[in-house]
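[1] Any chance you can model this:
(chains A and B)
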Number of protein chains: 2
Amino acid sequence: MVRTNPERRNALLDAAIEVLAREGARGLTFRAVDKEAAVPAGTASNYFANRDELMMQVGNRFYERLEPSPETMGKLTTGPRDRDTITELMNEIVERITSFRTGYLAQLELRLEATRRPELQQVLTERVRADIDFNVRNHLESELPGDADSVLLLYLAINWLILERLTLPGIFSEEQAATLVRMAVERAVPAR
Amino acid sequence: MVRTNPERRNALLDAAIEVLAREGARGLTFRAVDKEAAVPAGTASNYFANRDELMMQVGNRFYERLEPSPETMGKLTTGPRDRDTITELMNEIVERITSFRTGYLAQLELRLEATRRPELQQVLTERVRADIDFNVRNHLESELPGDADSVLLLYLAINWLILERLTLPGIFSEEQAATLVRMAVERAVPAR
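    Next comes the predicted model:
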């Protein structure tokens, strides 16, 4: 029988994220997760039917942990309706994701693993699509300047900027990254 | 003594790319490369001092194989000096890189591996920086519309678009990808 204590399950998923980031997808075993979570051997296998199931749940856990704070969501709805507010929100996103370094690296490992696992690819595709739709909808409802294309262009540019910062930090300094975010907003959001 | 027959060396690097894309960084062993290249066991170890050396050379091989054709470089210098020419060049880049699927996936595996290997990180950083500088310089010399920021924004957006197409192809269809490229150029390159 698969166990369901949600706190324990989340602790195991968080341990799996650390293992993925450190060891790569191939290093992800139930044994490694148990060890990382400092729980008795055999615990992870009580919570996940198999390794595929574990990876699919890790894919969702990443997004759970990255949910914007009520404060950030508040800015989206109450800040001035201008590009500066968008830049501030984008900087907040870059900061939030970059600080969860292992989560982002684990997500990239899963994307590569998904090229070999159709079921995982399907789960990640649904999750990423939901995330994009959520961002487009929020933006349009917020009446901030910019259209759906602005959101998509920022989604593409900001994601690669974060990947660059986390995998080859020597390419763009933190300061250059902030300048790139400002420039990306200026270009992606046409002047009204 | 390390062997230096350049054709054999390239064949081994190409085999390493296939192994990386299929098995991930952890699957990259001299034995797997020999097998993939269909050469006698022990061949790869005659060409590369160690696994790190092999990975660093793979990082460069990817760019060698992606060099634009003389025809493409011609378009850069002789096509009309407008956004349509830039869009055409960008579509050509997306097509060129997407067709070399295993090369791009191998490069992502190397970027993740680089988070664990400072020497590899340094080699990849130099190669990526040279590539960015090359693109900025070419663009400015070409007198196409747009500035250095246009090139950087397109670099960021197009790279993630390719990553999305190759890892989660269900997110954007080929047609949507083409629309996104056109839109990215329109926004990244301000009207004169």
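[2] what about the helices in chain A?
    A:6-23, A:30-37, A:43-47, A:51-65, A:70-78, A:83-99, A:101-114, A:118-142, A:148-167, A:174-188 (DSSP state H).
[3] can you list the domains in chain A?
    A:6-62, A:66-188 (automatic domain parsing).
[4] Are the longest one and chain B in contact anywhere?
    I take that to be domain A:66-188. Yes - judged by Cβ under 8 Å from any Cβ of the partner chain, domain A:66-188 and chain B are in contact via A:105, A:108-109, A:111-116, A:121-122, A:124-125, A:128-129, A:132, A:149-150, A:152-153, A:155-161, A:163-164, A:166-168, A:170-171, A:180, A:183-184, A:187-188. Yep, even glycine has a C-beta here, placed from its N, CA and C like the rest.
[5] Give me the buried entries from those residues.
    Neighbour-count burial (16 or more other Cβ atoms under 10 Å in any protein chain shown) applied to those gives A:105, A:108-109, A:111-115, A:121, A:124-125, A:128, A:132, A:149-150, A:152-153, A:155-161, A:163-164, A:166-168, A:171, A:180, A:183-184, A:187-188.
[6] okay, residue A:77: pLDDT?
    What the model reports as pLDDT for residue A:77 is 81.
[7] Also residue A:2?
    pLDDT at residue A:2 comes out at 64.
[8] wait, which of the helices of chain A is closest to residue B:30?
    When those are compared by Cβ to Cβ, helix A:6-23 sits nearest residue B:30, at 20.7 Å.
[9] Which of the helices of chain A sits closest to residue B:42?
    helix A:6-23 (28.2 Å).
[10] By mean pLDDT, which helix or strand of chain A comes out lowest?
    Lowest on mean pLDDT, DSSP states H and E among the helices and strands of chain A sits helix A:70-78, with a mean of 84.
[11] Show me what that helix is packed up against.
    helix A:83-99, helix A:118-142 (3 or more Cβ pairs under 8 Å, 6 or more residues apart in numbering or on different chains; DSSP states H and E).
[12] and the angle for the longest one with helix A:101-114?
    What that stands for is helix A:118-142. Per axes from the mean of the first three to the mean of the last three Cα atoms, to 10 degrees, the angle that helix A:118-142 makes with helix A:101-114 is 130 degrees.
[13] Helix B:148-167 and helix A:118-142, what's the angle between them?
    Using the same axes, to 10 degrees: helix A:118-142 against helix B:148-167 is 140 degrees.
[14] in helix A:118-142, what's buried?
    A:120-121, A:123-125, A:127-128, A:132, A:135-136, A:138-139, A:142.
[15] Report the distance from it to the chain centre.
    From the chain centre to the centre of helix A:118-142 is a distance of 11 Å (Cα atoms, centre = their mean, to the nearest Å).
[16] just checking, what packs against that helix?
    helix A:51-65, helix A:70-78, helix A:101-114, helix A:148-167.
[17] do the same with the shortest one
    Taking 3+ Cβ pairs under 8 Å, 6+ apart as contact, the helices and strands that helix A:83-99 lies on are helix A:70-78, helix A:101-114, helix A:148-167, helix A:174-188.
[18] let's see 7 Å
    Identification of packing neighbours for helix A:83-99 by 3 or more Cβ pairs under 7 Å, 6 or more residues apart in numbering or on different chains; DSSP states H and E yields helix A:70-78, helix A:148-167, helix A:174-188.
[19] Same list, the helices and strands packed on helix A:70-78, but as TSV with distance to residue A:56 and mean pLDDT please.
    Converted to TSV, the helices and strands packed on helix A:70-78 look like this (distance: least, Cβ to Cβ, whole Å; pLDDT from 0 to 100):
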stretch	distance to residue A:56	mean pLDDT
helix A:83-99	21	95
helix A:118-142	4	96
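[20] Is it possible to get a markdown table of those helices that adds distance to residue B:92?
    What follows is these, written out as a markdown table (distance: least, Cβ to Cβ, whole Å):
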| stretch | distance to residue B:92 |
| --- | --- |
| helix A:83-99 | 29 |
| helix A:118-142 | 26 |
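[21] returning to what we had before: to residue B:91, which of the domains of chain A lies closest?
    Short answer: domain A:66-188, nearest of the domains of chain A by Cβ to Cβ, at 15.2 Å.
[22] End to end on the closest one, go ahead and measure it.
    24 Å (Cα to Cα, to the nearest Å).
[23] And for stretch A:92-101, what's in contact with it?
    Contact with stretch A:92-101 is made by A:65, A:66, A:72, A:104, A:158, A:161, A:162, A:165, A:166, A:177, A:181, as judged by Cβ atoms under 7 Å, 6 or more residues apart in numbering or on different chains.
[24] Would you write a ChimeraX line that selects the buried entries of these?
    To isolate the buried ones among those in ChimeraX, judged by 16+ other Cβ under 10 Å, type:
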select /A:66,104,158,161,162,165,166,177,181
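[25] Point out the least confident one among the contacts of stretch A:92-101.
    Out of the contacts of stretch A:92-101, that is residue A:72, at 84.
[26] ok, now which ones touch residue A:166?
    With Cβ under 7 Å, 6+ apart, residue A:166 has these contacts: A:98, A:101, A:104, A:105.
[27] Quick check: residue A:182 touching residue A:87?
    Yes - here residue A:182 reaches residue A:87: they are 5.3 Å apart, a contact under Cβ atoms under 7 Å.
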